[in-house]
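> fold the following and give me the result.
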Amino acid sequence: MDKACAQGTDPYLSLLEYRNTPVDGLKSPTQLLRSRRLRSILPVTEKQLLPELACRSTVHCRRELCQRRKKQYYDRTAKTLPALPVGATVRYQLPAETWKPATVTETIGTQRSYNICTDEGHTVRGNRRHLLQTPEGGFIFHFGSYFDIGLFKYLLFTIIIGLYAVIICANVLLIVVICMNRSLHEPMYLFLCSLFVNELFGSTVLFPFLLVQILSDIHIISAPFCFLQIYCVFAYATIQFINLSIMSYDRYLAICYPLQYNTRMTSNKVAMLIALTWLFPFMEVAVTISLSSSLQLCGNIINKVYCDNYSVVKLACFDTTVNNIQGLFITCLVVFCPLIVILYTYMRILKVCYSGSKQTRQKALSTCTPHLASLINFFFGSFFEVVQSRFNMSSVPMMLRIILSLYFLTCQPIFNPLMFGLQMSKIRSLCKSLIFGKM
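This next block holds a predicted model:
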């Protein structure tokens, strides 16, 4: 009707066609009411205009079937919201108004409806779906990307805990090998050790949390733990970017200035670079979290499987320009500054390789290949995560979105130890002797 009025056509013709249109696989409203079609401007045969009595029982059966099918599709992603205790602080919204604070005073029926008392002293009845918990009452976030997979959750739990065990064993093995062998106490291997420690840190932030959520029926997290997870995930990503850029700088010095390498990359400089790799991210991410945690939120649904800063910022009641500008600035600082260092160092390395001997090219290839592979893998995983956070990805299938959001947190911790452990001959031989004994 609105479309007909906007186009200037006869709205009664639109109403006539609406009454002649079958609904949900049933007959049209006119056929159900008058047992025949109405003549309209659309050409139909005379046979279609003959009266035809609709069987009442058939209509009821088909309608119930359609309703059950709709319920089945809706229940695939629908979640039962946790009950609100009496006295909980919530926010409600009246039509064309902002979210306002209120307090739950009474539970009605089956804990889906509540009486709430507003700040003005009025009593309002609201459905659980339209009542949001606020920080004053202990704010809780709900994850909207989890869905019921039945008994397959135990299979998924087994796969994830197995992957986590492999990550722990692989990274700990390489850390032990580097620390125990004095021949590996060189800048390149110390930076690798820092990288493996960060992989343990990042995987521990995510995997235990995922295991708990998979087995849980209600996927929630308190606000303090959510911000703690955001802090740790951001710190992990920042440490990873800085560590990879420092490793590229180290390879640049080793290949382009081999005779001056020991004087340029001293033990004090190595210690300073490793300290910078770890201290700067924790201080920088603290600023981001302090801005996000101070926001007043008017929603608590995070459409991911773990906490993400921008997903929380989008739930804010008011303008978030400061958060967006700060987030873009930090993203450029953390991503593009290391990227500039990496591009510059590899351009110089390629220049030396093209002008150098075959032995120089082979040495550069053997040391730079695992670093380049790790770099590309992590940059692509981070790119997917940034795009998914900043843009509307509702047209992408839910399962693909979940895989892309978890890629840089799950694949990188297993990719790095396998790549560096298999490609670097020194580490590979020492790992074999440690595991299988000296031959």
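
> can you show me the strands along this structure?
If you assign secondary structure with DSSP state E, the strands in the chain sit at 89-93, 99-108, 113-118, 123-127, 132-133, 140-143, 220-222, 301-302.

> now for this protein, the helix or strand with the poorest mean pLDDT.
The helix or strand of the chain with the poorest confidence is strand 132-133; it has a mean of 74 (mean pLDDT, DSSP states H and E).

> now for it, which elements pack on it?
Packing contacts for strand 132-133, counted by 3 or more C-beta pairs under 8 Å, 6 or more residues apart in numbering; DSSP states H and E, involve strand 89-93. (C-beta placed from N, C-alpha, C; glycine too.)

> how is this structure divided into domains?
The record's domain split for the chain, according to automatic domain parsing, is 2-72, 89-138, 152-436.

> now, of those, which is deepest in the fold?
Mean neighbour count (mean count of other C-beta atoms under 10 Å) peaks for domain 152-436 among the domains of the chain, with a mean of 17.

> and that one, how far apart are its ends?
37 Å (C-alpha to C-alpha, to the nearest Å).

> I'd like the mean pLDDT over that domain, please.
Averaging pLDDT along domain 152-436 gives 86.

> now find how far off-centre it is within its chain.
Averaged C-alpha coordinates place domain 152-436 at 15 Å from its chain's average position (C-alpha atoms, centre = their mean, to the nearest Å).

> before we move on, what about stretch 71-85?
The chain centre lies 21 Å from the centre of stretch 71-85; the measure is C-alpha atoms, centre = their mean.

> convert it to PDB, retaining C-alpha atoms only.
Taking only C-alpha atoms (Å, rounded to 0.1, in the frame of the first residue of the first chain), the coordinates of stretch 71-85 have been written out as PDB:
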ATOM      1  CA  LYS A  71       9.600 -21.900  14.700                       C
ATOM      2  CA  GLN A  72      12.200 -24.500  13.800                       C
ATOM      3  CA  TYR A  73      14.200 -22.000  11.600                       C
ATOM      4  CA  TYR A  74      13.900 -19.300  14.300                       C
ATOM      5  CA  ASP A  75      15.100 -21.600  17.100                       C
ATOM      6  CA  ARG A  76      18.300 -22.500  15.200                       C
ATOM      7  CA  THR A  77      19.800 -19.200  16.300                       C
ATOM      8  CA  ALA A  78      17.500 -18.000  19.100                       C
ATOM      9  CA  LYS A  79      18.900 -18.200  22.600                       C
ATOM     10  CA  THR A  80      17.200 -18.200  26.000                       C
ATOM     11  CA  LEU A  81      18.100 -15.100  27.800                       C
ATOM     12  CA  PRO A  82      19.000 -15.400  31.500                       C
ATOM     13  CA  ALA A  83      16.400 -14.400  34.100                       C
ATOM     14  CA  LEU A  84      16.600 -11.000  35.800                       C
ATOM     15  CA  PRO A  85      16.500 -11.100  39.600                       C
END
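
> mind checking how far residue 379 is from residue 335?
Per C-beta to C-beta, to the nearest Å, residue 379 is found 8 Å from residue 335.
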